[in-house]
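In: pasting the sequence and the predicted coordinates here, then a few questions.
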Amino acid sequence: MIEPMTLDFRHRLRWACGHFFVSALILITIGALIFFVWYPSPFRALSGGLSLFLLVACVDMVLGPVCTFAVASTKKRIQELRLDVALIAFVQLAALAYGVWTVYQARPVYLAFEVDRFRVVHAVDVDPGLLEKSAPEFQTLPRLGPQLVAVRPFQSAAEKMEVTVAALQGVDVGARSDLWTSYESQEQRIRSAASPVESLLARHPSARSAVEKALASAGLPIAEALYLPVVGRQMFWTAVLSPKDARPLLYLPIDPY
């Protein structure tokens, strides 16, 4: 005969496991949205998308099932237990929605060319006041993944000084939506700012084998390869440019500085 305490434990565990698996299915769906739409590679690393998702997932996957385990007593009627679990699920979904909204607000929206490098621009980096002054095509931030953009040349010494002062105060040049222009229009400037990959490998000889393999898989001879630094949220990477249109072709986890 199964003791009441053992029976109660199994009952609680069954409900908690059911809650866990439902939570897991929801998180898998949300994870696909985050990692394949909002934070595609390499932005999940450059923008901290993985760490943000793991924080949301850990809270959601632990608290919900634990609370269900705590309330799933065999002494409760099934209607009462369903109501308790429904209340827990409601609070859990509300917390999850807030977490996903936070991840969405922190999403990368542009990879911006600024002077001599790329900068990952996040939605929270863009001043709404400046956004209203931007060109019409830039007044709405991308919702389905980051796009390429370029910072136009400064129109005067006064503008350059103003932007420089703002940058010293924490407003990055690449996040200045009033300076954005199409990436294609600045192709020649981008090519001029880029450096040969050979110069990068001269500073990082240990990375030569991996870089040569990556370039070979992309069908790009190392002698033709140019690169620009990429400034992420807390790290620097390297972008290798396509010789056809100067768009990023490969992203390498190498600090070019």
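Out: Structure received. Numbers count the residues shown, from 1 in each chain.

In: so how far is residue 238 from residue 201?
Out: 11 Å (CB to CB, to the nearest Å). To be clear about C-beta, it is placed using only N, CA and C from the backbone, and glycine gets the same treatment.

In: which of those two has more neighbours?
Out: Neighbour comparison, residue 201 and residue 238: the larger count goes to residue 238, with 24 against 19 (by other CB atoms under 10 Å).

In: where's the more buried one, which helix or strand?
Out: Using DSSP states H and E, residue 238 sits within strand 236-241.

In: who does that strand pair up with?
Out: Within its sheet, and counting by DSSP bridges, strand 236-241 is paired with strand 226-231 (antiparallel), strand 248-252 (antiparallel).

In: what's the average pLDDT for the shortest one?
Out: Model confidence over strand 248-252 averages 93 on the pLDDT scale.

In: check the offset of that strand from the chain's centre.
Out: 16 Å (CA atoms, centre = their mean, to the nearest Å).

In: next, count neighbours for the closest residue in space to residue 84 that isn't next to it in sequence.
Out: Closest residue to residue 84 apart from its sequence neighbours, by CB to CB, 6 or more residues apart in numbering: residue 71 at 4.4 Å. Using other CB under 10 Å, residue 71 has 17 neighbouring residues.

In: how much space between the closest residue to residue 186 other than its chain neighbours and residue 228?
Out: In space, and not counting its chain neighbours, residue 186 is closest to residue 150: 3.9 Å by CB to CB, 6+ apart. Going from residue 150 to residue 228 by CB to CB gives 12 Å.

In: thinking again about what came up before, right, and the strands paired with strand 236-241 - which one's nearest residue 8?
Out: Across the strands paired with strand 236-241, residue 8 has its closest neighbour in strand 248-252 (53.1 Å, CB to CB).

In: list of residues touching the closest one?
Out: If you take CB atoms under 8 Å, 6 or more residues apart in numbering as the criterion, strand 248-252 is touched by 41-42, 111, 118, 148, 207, 210-211, 214-215, 218, 220, 227, 230, 237-242.

In: repeat for stretch 194-214
Out: By CB under 8 Å, 6+ apart, stretch 194-214 touches 215, 222-223, 225-228, 238, 240-241, 246, 250, 252, 254, 256.
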